[in-house]
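below are the sequence and a predicted model; questions follow.
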Amino acid sequence: MKGSRVVVTGGAGFLGSYLCERFVERGAAVVCLDNFLTGSPRNVEHLIGRPAFRLVECDLTGFVHVPGQVDLVLHFASAASPADYLRHPIETLKVGSMGTLHALGLAAEKGARFVLASTSEVYGDPLEHPQKETYWGNVNPVGPRSVYDEAKRFAESLTTAYRNARGADTGIVRIFNTYGPRMRPYDGRAIPTFIRQALLGEPITVTGDGSQTRSICYVDDTIDGVLALADSDFAGPVNIGNPAEMSMAELAETIRDLARSSSPIRFVERPVDDPAVRRPDTSLAEERLGWRPRIDPVTGLRRTIDWFEKALTTYPVAS
Ligand code: NAD
């Protein structure tokens, strides 16, 4: 197994917490670095106290040092919800640039494999559909979303330079919209928002006319894909996502039905530069990593709704 001692940056976030959990289950020692900007110790509280797990409060944009051996660095620190990165534009650019530099420096110093969590947002508002890794994207460099998109594009470039110029062992995963338990009900992303609104009987707010599409991947599938890349020596970039594409209006209706809700659907203003379509071509992941998603959207959404039913009673409003 690659990674008997693993550093997970952003490990107290949604995806990072699953990575910490999976590596602890695999018998690895895990160091979770997080500044809790958008994550929370509550996401990993079930791991605190396990001798193999260490949670360290650390801002990746400052000085980063992890004593001892490290075999794998999974760099997941970065706000990911549009509401979060629009609220924290400079922090998002800093963690994507300086944070990535520091995480790469740590991996290089230790001779560890480095995996960058990149995003389908590097494709911007795509002119190619579905998106293959060979597509260069269509990103507005001065639009509001650029703080995230361009930070990730820079992070991909920096990771590639470390590989080519310094011989670092790196992998880049382009993650498409992932959902599941542990998303913050008020994080502003479509799925937690629709589920929360459906469960509370509030209007479900769909942006634009709801015809824009997304392809949603259940968290367990995404994590399997990331682990497959971590265990390989493949450089990527490689798409990890579920090609099951649906319109936002369809997604809202599916969630409303699964939650047995009678919430009305309300159409609201569409955000600037919101991509019209999004669907991964996953043939590279299948060919190089033997990975494909297994959980269909209805099964995944059902599990997520079950979790939200309990979480809504314990989560502080608007956090
Ligand atoms: P998240 O907001 O739940 O987690 C991000 C974590 O990074 C949080 O715990 C946050 O506190 C931490 N963080 C932010 N800035 C930091 C800093 N300067 N130093 C240390 N920690 C910092 O988001 P997520 O959905 O878990 O996304 C995790 C990663 O995966 C991100 O890099 C994101 O770009 C990428 N990604 C996620 C998705 C998705 O659908 N969830 C899709 C594409 C890419």
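Here it is on my side, so go on. Numbers count the residues shown, from 1 in each chain.

CA only for contacts and neighbour counts going forward, please
Fine.

quick one: contacts for the residue of the chain most remote from its centre?
What lies farthest from the middle of the chain is Ser262; by C-alpha atoms, centre = their mean that is 30.3 Å. The contact partners of Ser262, by C-alpha atoms under 8 Å, 6 or more residues apart in numbering, come to 198, 201, 256.

can you do 6 Å?
With contacts taken as C-alpha atoms under 6 Å, 6 or more residues apart in numbering, Ser262 has no neighbouring residues.

doesn't it lie inside a strand?
No. Under DSSP: H, G, I helix; E, B strand; the rest coil, Ser262 sits outside any strand and is assigned coil.

against Asp34, how distant is it?
Plainly put, Ser262 is 39 Å away from Asp34 if you go by C-alpha to C-alpha, to the nearest Å.

quick one: is stretch 56-72 near the ligand?
Yes. With C-alpha under 6 Å from any ligand atom as the threshold, stretch 56-72 lies in contact with the ligand, specifically through 58-61.

with secondary structure, pLDDT and neighbour count as added columns, please give those residues in JSON lines.
Below are those laid out as JSON lines (DSSP: H, G, I helix; E, B strand; the rest coil; pLDDT from 0 to 100; neighbours: other C-alpha atoms under 10 Å):
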{"residue": "Cys58", "secondary structure": "coil", "pLDDT": "96", "neighbour count": "17"}
{"residue": "Asp59", "secondary structure": "coil", "pLDDT": "98", "neighbour count": "18"}
{"residue": "Leu60", "secondary structure": "coil", "pLDDT": "97", "neighbour count": "25"}
{"residue": "Thr61", "secondary structure": "coil", "pLDDT": "97", "neighbour count": "19"}
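
quick check: the two most widely separated of those residues?
Using C-alpha to C-alpha, the two most remote members of these are Cys58 and Thr61, lying 8.7 Å apart.

look at Ile223 and give its secondary structure.
Note that with three-state DSSP, the state of Ile223 is helix.

scratch that, Ala285 is what I was asking about
In the three-state summary, Ala285 is assigned as helix, counting by three-state DSSP.

for the ligand, see how far away it is.
Distance of Ala285 to the ligand, given as C-alpha to the nearest ligand atom, to the nearest Å: 16 Å.

just Lys94 next, same as before
Distance from Lys94 to the ligand, counting by C-alpha to the nearest ligand atom: 7 Å.

cool, and Ala117?
Distance, Ala117 to the ligand, by C-alpha to the nearest ligand atom: 5 Å.
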